[in-house]
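Q: coordinates for the following, if possible.
(chains A and B)
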Amino acid sequence: DAMVIQNPRYQVTQFGKPVTLSCSQTLNHNVMYWYQQKSSQAPKLLFHYYDKDFNNEADTPDNFQSRRPNTSFCFLDIRSPGLGDAAMYLCATSKGTSGSFEQYFGPGTRLTVT
Amino acid sequence: AQKVTQAQTEISVVEKEDVTLDCVYETRDTTYYLFWYKQPPSGELVFLIRRNSFDEQNEISGRYSWNFQKSTSSFNFTITASQVVDSAVYFCALTAYNQGGKLIFGQGTELSVKP
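A: Next comes the predicted model:
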């Protein structure tokens, strides 16, 4: 089945130690999104790629970076994780960005910072 | 600015009861889209429905139904004859045509269906 895959499902990292989260898709969608969801809160968009075009949200900290080497894969890099970055990170894909396309979400990666 | 309000933080019902989850939105855009997503304990957000601002027709899908009313800026979700498997957090979300697909989520309503 076509899907959005996130690895790992659970990630533990130390304060200040760089960490990379992975997302892949078999839907061949043009757009890939990264959302951060803290405990008992709504998901919050960090950035998205439309093909190779990167779109950063204005309030996304510089500590968060992303790479999309090809259509199928997208990575979230946290350069120096702080305790406040502990959250669920959700990857989503869609055919386009007009809003007329639904976003398909992966299962998420739960990040713990010790 | 766009905003989505889900005033009900938690709802608890007994199986087979009907339950309505409220969603009120704010936007100045004339072309926008509303969504409902389900987030079970596993964490994955599951798409349930999308509605555009020009289509106020209500929709029914099995035990699920949605009532979209532009006059009150509401997009409410009703589950008929609830089941334990319906237990999850439900998010209402909004995006405008020119927002790059950015979803603005409400705070979510945690639904607990007890046997």
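Q: strands along chain A, start to end?
A: All strands of chain A, identified by DSSP state E, fall at A:4-7, A:10-13, A:19-25, A:31-37, A:44-50, A:53-56, A:64-67, A:73-78, A:87-94, A:104-105, A:109-113.
Q: need those in a markdown table (columns: distance to chain B, mean neighbour count and mean pLDDT).
A: Placement of C-beta: from N, CA and C, glycine included. Formatted as a markdown table, those follow (distance: least, CB to the nearest CB, whole Å; neighbours: other CB atoms under 10 Å in any protein chain shown; pLDDT from 0 to 100):
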| stretch | distance to chain B | mean neighbour count | mean pLDDT |
| --- | --- | --- | --- |
| strand A:4-7 | 9 | 18 | 94 |
| strand A:10-13 | 10 | 14 | 96 |
| strand A:19-25 | 13 | 19 | 97 |
| strand A:31-37 | 6 | 24 | 96 |
| strand A:44-50 | 5 | 21 | 95 |
| strand A:53-56 | 6 | 13 | 94 |
| strand A:64-67 | 15 | 17 | 97 |
| strand A:73-78 | 14 | 19 | 97 |
| strand A:87-94 | 6 | 24 | 96 |
| strand A:104-105 | 4 | 22 | 94 |
| strand A:109-113 | 7 | 19 | 97 |
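Q: ok, the helix or strand of chain B with the lowest mean pLDDT: who's next to it in the sheet?
A: In chain B, no helix or strand scores lower on mean pLDDT, DSSP states H and E than strand B:59-61, which sits at a mean of 88. Strand B:59-61 sits in its sheet next to strand B:64-69 (antiparallel), going by DSSP bridges.
Q: can I get the strand it pairs with in PDB, CA atoms only?
A: Extracted C-alpha coordinates of strand B:64-69, given in PDB (Å, rounded to 0.1, in the frame of the first residue of the first chain):
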ATOM      1  CA  TYR B  64     -20.000   9.900  10.600                       C
ATOM      2  CA  SER B  65     -21.700  13.100   9.500                       C
ATOM      3  CA  TRP B  66     -20.600  16.700   9.100                       C
ATOM      4  CA  ASN B  67     -22.600  19.900   9.300                       C
ATOM      5  CA  PHE B  68     -21.000  22.900   7.600                       C
ATOM      6  CA  GLN B  69     -22.600  26.300   8.200                       C
END
